[in-house]
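Colleague: Predicted coordinates and the sequence they were generated for:
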Amino acid sequence: METKPLPVIDPDTAPYWEALRHHVFKLKRCQDCERAHFFPRVICPHCHSDALDWVESNGAGVIYTYTVARRAAGPAFKAETPYVVALVDLDDGPRMMARVSVSPDSVRIGQRVEMIFEDVTEAVTLPGFRIHNGTSEELQRTDTSRLLERGELA
């Protein structure tokens with residue numbers, strides 16, 4: 001059986017991977033423009049500042065779009081097909097891609113999701129999502145209210 005590829009952990013992303021190992025999701029947030037971004041990098045993609053902090057996120061969001069992988073992305077993934085990969089608009093602002101643990105027949109654009117963590121090795125934990133069915137106020141916010149807060153709707 002083939003092994004799945006693992007991320008390369010470098011000094012710039014090490015705090016992100018360390019937080020995931022403890023089942024905590026962190027984003028980089030710019031001190032100048034106050035916007036969060038994903039994936040972790042050393043310069044803000046919005047204003048190009050290097051004044052960045054790590055901030056904890058609840059990892060909740062809304063499915064922006066998705067695809068169902070019915071053909072494996074290599075031999076190591078063959079046993080897992082079909083699986084769902086989605087772009088998720090996080091409540092904290094960024095959009096990220098990850099797998100969603102859901103039946104391909106029941107996933108829908110606009111569904112609320114919450115982060116889950118897959119411990120792949122002792123050193124690597126990967127983020128993923130599952131459909132949120134709870135009652136937490138933070139997770140139940142509508143997509144419209146999130147966009148209003150971000151100033152994207154008038």
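Modeller: Thanks, I have it.
Colleague: from here on, contacts and neighbour counts on C-alpha atoms
Modeller: Fine.
Colleague: Output the lowest mean pLDDT helix or strand found in this protein.
Modeller: Using mean pLDDT, DSSP states H and E, helix 137-140 stands out as the lowest-scoring helix or strand of the chain, at a mean of 47.
Colleague: surely residue 40 meets residue 15?
Modeller: No. The criterion here is CA atoms under 8 Å, and residue 40 misses it with residue 15 at 9.4 Å.
Colleague: Quick one: the strands in the chain, in order.
Modeller: For the chain, applying DSSP state E gives strands covering 25-30, 36-37, 52-57, 61-69, 83-90, 95-101, 112-119, 125-131.
Colleague: Does residue 36 touch residue 29 like I think?
Modeller: Yes. The criterion here is CA under 8 Å, and residue 36 meets it with residue 29 at 4.0 Å.
Colleague: And the two? Which one has more around it.
Modeller: Set side by side, residue 36 and residue 29 show more neighbours around residue 36, with 25 against 21, by other CA atoms under 10 Å.
Colleague: Next, work out how far apart the more buried one and residue 101 are.
Modeller: 25 Å (CA to CA, to the nearest Å).
Colleague: can you check residue 17 too?
Modeller: 21 Å.
Colleague: Which one of these two is surrounded by more residues?
Modeller: Applying other CA under 10 Å to residue 17 and residue 101 shows that residue 17 carries more neighbours, namely 22 against 16.
Colleague: And the more buried one, what's its pLDDT?
Modeller: On pLDDT, residue 17 comes in at 97.
Colleague: OK, contacts around it?
Modeller: 9, 124-125 (CA atoms under 8 Å, 6 or more residues apart in numbering).
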